[in-house]
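Asks: Coordinates for the following, if possible.
(4 chains)
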Number of protein chains: 2
Amino acid sequence: MSLRAVKPLTDTRVRILDAAEELFMQHGFEGTSMRTLTAKAGVNLAAVNYHFGSKHALIEAVFRRRLDPMNAERIAALDRLEKEAGGGPLAPEAIIRAFVGPSLRLIEDAKGGGRNFIRLLGRTYTDPSKEIRHLIGALYAPAMERFKAAFERSLPHMPREELVWRMHFMFGTLAYTLAATDTVHLIAGCKPEDRYDARLLEARLVPFLAAGLLAPLADASDVKKAA
Amino acid sequence: MSLRAVKPLTDTRVRILDAAEELFMQHGFEGTSMRTLTAKAGVNLAAVNYHFGSKHALIEAVFRRRLDPMNAERIAALDRLEKEAGGGPLAPEAIIRAFVGPSLRLIEDAKGGGRNFIRLLGRTYTDPSKEIRHLIGALYAPAMERFKAAFERSLPHMPREELVWRMHFMFGTLAYTLAATDTVHLIAGCKPEDRYDARLLEARLVPFLAAGLLAPLADASDVKKAA
DNA sequence: CTAGCATTCAAACGTTCGTTTGAACCGGGT
DNA sequence: ACCCGGTTCAAACGAACGTTTGAATGCTAG
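Replies: Down below sits the predicted model:
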């Protein structure tokens, strides 16, 4: 799991990354062949192996290009909040907003490929391949630790274990919301265009997450008798 | 999208379905070849095409075998609740419990393959393939309509559109929780063994979902100004 | 016993996969 | 003018893919 810096982005590299991002989202990693990928990018078949080394390394590069800046943005938003609070505790809802904001905003970037990426990302948390999941986990780890610490300071009375679970649930809700945008319509009745409005999405999602995070704690006996 | 009844389960068919369930979970649909699948099942390579017709039809059969009974169980649980209530409204938390219970219980069935299936299912909601997602959607549709109606009766003052979104969020949280069990550990600190205790999982998940579902409604101006 | 049918089997079908090869191409520095 | 490192290219590599074939097998009804 090498976390080295990315190579300089030549024109060919960028075209490959853009095509990969879109095709991986539409057909998955294994469902996207190097031939269709290079054809879409308008480059030679051998270009991927020349510039990235292998298909797997290309997948890694696709995530690295977007995920590093996105998590940096999240951490920056959290830093800003803490500076404004001047050492005081943060509102849980504000922390949630700092986390979901940068990803939700990407779904409005249809032309730049951000929407493709964010849907690809939402799906990849549960990818069958161990290596892929480990890669995502490694890229997320720093931001995750940072937000966990912020929640702990914001909710000092919540048991650590309960907090971890509720973060897990919140993360899942976000991941699914991102991945399922425009895809599954298990429940009829959503206006499709609303799925691309980041602020509307945030206005619906954040209260849901905040309420879940702050749900009344089941008293100890409930958990004990279940175990 | 044919919704015909399943064929009788001969021994060979069952062995193929069991092997497929496990391998699809571990490596995905495209990552599982007919050769490794039939080898694991201990049957001839041609058996899948003989008994199911094609790989895609096998995938469909894998989901049909488990999903139909599971959704029937969900609906039965809801029927029972409504009978007990004698025409009165149901508690939202009870409806949630009727929905998540049957799926959570499957994660304790490690030997029978239920755990494999439920993790496979959780991931498949966001599968790249349109056909796969449509299949899942079709298999879920009857239960989904039933539960939507139950929530509408239980929460008569919630706007329909808001309810649809919150069901969407709840569904996503469940799907992710099922799929990510034992896989991603983005947030450190979960005791792994807790992930296989259905009652403990339910005791943690249901309060989170119920709180999210009942979150205070953002007043109309918030949504309007976002749009 | 045997005719008929469902099932199993080894082998091969044609296609597509990710990757590699070695030559061609191109620009800038000496 | 020359060469050279980086890049692109057409072509081919061996392997693996889902599926099909036609003969062999086992079982059951007449």
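
Asks: can you give me the helices in chain A?
Replies: Counting by DSSP state H, chain A has helices at residues A:11-27, A:34-41, A:47-51, A:55-85, A:92-106, A:114-124, A:130-154, A:160-180, A:198-213, A:220-226.

Asks: Buried ones in stretch A:107-116, by neighbour count?
Replies: Neighbour-count burial for stretch A:107-116 flags A:Ile107, A:Glu108, A:Gly113, A:Gly114, A:Arg115, A:Asn116 (criterion: 16 or more other Cβ atoms under 10 Å in any protein chain shown). All C-beta atoms are positioned from the backbone trio N, CA, C, and that covers glycine.

Asks: That one: how far from the chain's middle?
Replies: Centre-to-centre, stretch A:107-116 and its host chain are 14 Å apart (Cα atoms, centre = their mean, to the nearest Å).

Asks: how far does that stretch stretch from start to finish?
Replies: With Cα to Cα, to the nearest Å as the measure, the ends of stretch A:107-116 fall 8 Å from one another.

Asks: Any part of that stretch near chain B?
Replies: No. Figure legend: stretch A:107-116 not in contact with chain B (Cβ under 8 Å from any Cβ of the partner chain); closest approach 12.0 Å.

Asks: Over to stretch A:38-47?
Replies: No. Using Cβ under 8 Å from any Cβ, we find that stretch A:38-47 stays clear of chain B, coming within 15.7 Å at best.

Asks: how far does that stretch stretch from start to finish?
Replies: Criterion Cα to Cα; first-to-last residue distance in stretch A:38-47 is 8 Å.

Asks: who touches it?
Replies: For stretch A:38-47, the surrounding residues in contact (Cβ atoms under 8 Å, 6 or more residues apart in numbering or on different chains) are A:Thr12, A:Arg15, A:Ile16, A:Asp18, A:Ala19, A:Ala20, A:Glu22, A:Leu23, A:Met34, A:Arg35, A:Val48.

Asks: Can you list the low-confidence ranges for chain A?
Replies: Low-confidence segments of chain A (pLDDT under 70): A:1-9, A:181-195, A:219-227.

Asks: let's see 50
Replies: Filtered on pLDDT under 50, chain A yields the residue ranges A:1-6, A:224-227.

Asks: which parts of it sit against DNA strand D?
Replies: Applying Cβ under 7 Å from any atom of the strand, one finds that chain A approaches DNA strand D through A:Thr10, A:Asp11, A:Thr12, A:Val43, A:Asn44, A:Leu45, A:Ala46, A:Ala47, A:Tyr50, A:His51.

Asks: Out of the residues you listed, flag the one nearest to chain B.
Replies: For the residues of chain A next to DNA strand D, the closest approach to chain B (Cβ to the nearest Cβ) belongs to A:Leu45, at 20.4 Å.

Asks: Generate CSV for the helices of chain A, with distance to B:Met170 as supplementary columns.
Replies: As requested, the helices of chain A are exported to CSV (distance: least, Cβ to Cβ, whole Å):
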stretch, distance to B:Met170
helix A:11-27, 25
helix A:34-41, 36
helix A:47-51, 40
helix A:55-85, 24
helix A:92-106, 17
helix A:114-124, 16
helix A:130-154, 21
helix A:160-180, 8
helix A:198-213, 8
helix A:220-226, 20
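
Asks: re earlier: by neighbour count, which of the contacts of stretch A:38-47 wins?
Replies: Counting neighbours by other Cβ atoms under 10 Å in any protein chain shown, A:Ala20 leads these with 27 neighbours.

Asks: Now it. Nearest residue, chain neighbours left out?
Replies: Computed as Cβ to Cβ, 6 or more residues apart in numbering or on different chains, the closest residue to A:Ala20 that is not its neighbour in sequence is A:Val62, at 5.2 Å.

Asks: count of residues packed around that neighbour?
Replies: Using other Cβ under 10 Å as the criterion, the residues surrounding A:Val62 number 23.

Asks: now do the one 4 residues further on
Replies: Using other Cβ under 10 Å, A:Arg66 has 21 neighbouring residues.

Asks: Also the one 3 residues further on?
Replies: Burial measure for A:Pro69: 11 neighbouring residues, criterion other Cβ under 10 Å.

Asks: and it, how far is that from A:Met144?
Replies: Per Cβ to Cβ, to the nearest Å, A:Pro69 is found 16 Å from A:Met144.

Asks: shouldn't the residue nearest to A:Ala20 be in contact with A:Glu21?
Replies: Yes. Counting by Cβ atoms under 8 Å, A:Val62 touches A:Glu21, with 5.6 Å between them.

Asks: related to what we said a few turns ago, would you reformat the contacts of stretch A:38-47 as a markdown table and include distance to B:Glu161?
Replies: What follows is the contacts of stretch A:38-47, written out as a markdown table (distance: Cβ to Cβ, whole Å):
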| residue | distance to B:Glu161 |
| --- | --- |
| A:Thr12 | 46 |
| A:Arg15 | 40 |
| A:Ile16 | 41 |
| A:Asp18 | 35 |
| A:Ala19 | 36 |
| A:Ala20 | 36 |
| A:Glu22 | 30 |
| A:Leu23 | 33 |
| A:Met34 | 43 |
| A:Arg35 | 44 |
| A:Val48 | 44 |
